[in-house]
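Q: 3D, please:
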Amino acid sequence: MDLSIRVYEKDGEFVASCPELDVYTYGGDAEQARARLRHVIAFYASTAQDLGYKIDAAELLANLQKPVLTRSESFLN
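A: Residues are numbered from 1 along each chain as shown. A predicted model of the protein is given here:
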């Protein structure tokens, strides 16, 4: 499964999202937001494994696409 990363700047904070998993993180800069997103995706996979799903965290992280930095816009729309 290919996963994408979207990064938005909103009011001086950066939000990183993975639309395919519907997860979001934030950071003081784009790199921090992306790094936090990688941790959330790893936790997501670990939790799914605990529930009996066959998901490999390393494979998910390896399939992350190059992040896309978008203009300052609402990420909730």
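Q: pLDDT weak spots in the chain?
A: Along the chain, the model assigns pLDDT under 70 to residues 1, 65-77.
Q: wait, doesn't residue 18 sit right on residue 41?
A: Yes. Counting by C-beta atoms under 8 Å, residue 41 is a contact partner of residue 18 at 6.2 Å. For every residue, glycine as well, the C-beta is placed using N, CA and C.
Q: tell me, what's touching these two both at once?
A: Residues within reach of residue 18 and of residue 41 at once, by C-beta atoms under 8 Å, 6 or more residues apart in numbering, are 3, 64.
Q: what residues does stretch 43-51 touch?
A: Applying C-beta under 8 Å, 6+ apart, the set of residues contacting stretch 43-51 is 21, 23, 55, 56, 57, 60.
Q: just send those residues back as a markdown table, with distance to residue 45 and neighbour count too.
A: Shown next, in a markdown table, are the contacts of stretch 43-51 (distance: C-beta to C-beta, whole Å; neighbours: other C-beta atoms under 10 Å):
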| residue | distance to residue 45 | neighbour count |
| --- | --- | --- |
| 21 | 9 | 17 |
| 23 | 11 | 15 |
| 55 | 5 | 14 |
| 56 | 7 | 12 |
| 57 | 4 | 16 |
| 60 | 5 | 21 |
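Q: what about these, which are in strands?
A: Judged by DSSP state E, the subset of the contacts of stretch 43-51 located in strands is residue 23.
Q: got JSON lines for the contacts of stretch 43-51, with distance to residue 31 too?
A: Below are the contacts of stretch 43-51 laid out as JSON lines (distance: C-beta to C-beta, whole Å):
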{"residue": "21", "distance to residue 31": "20"}
{"residue": "23", "distance to residue 31": "17"}
{"residue": "55", "distance to residue 31": "26"}
{"residue": "56", "distance to residue 31": "25"}
{"residue": "57", "distance to residue 31": "21"}
{"residue": "60", "distance to residue 31": "20"}
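Q: restricted to helices, list the contacts of stretch 43-51.
A: Among those, the ones falling in helices (DSSP state H) are 57, 60.
Q: all set, thanks.
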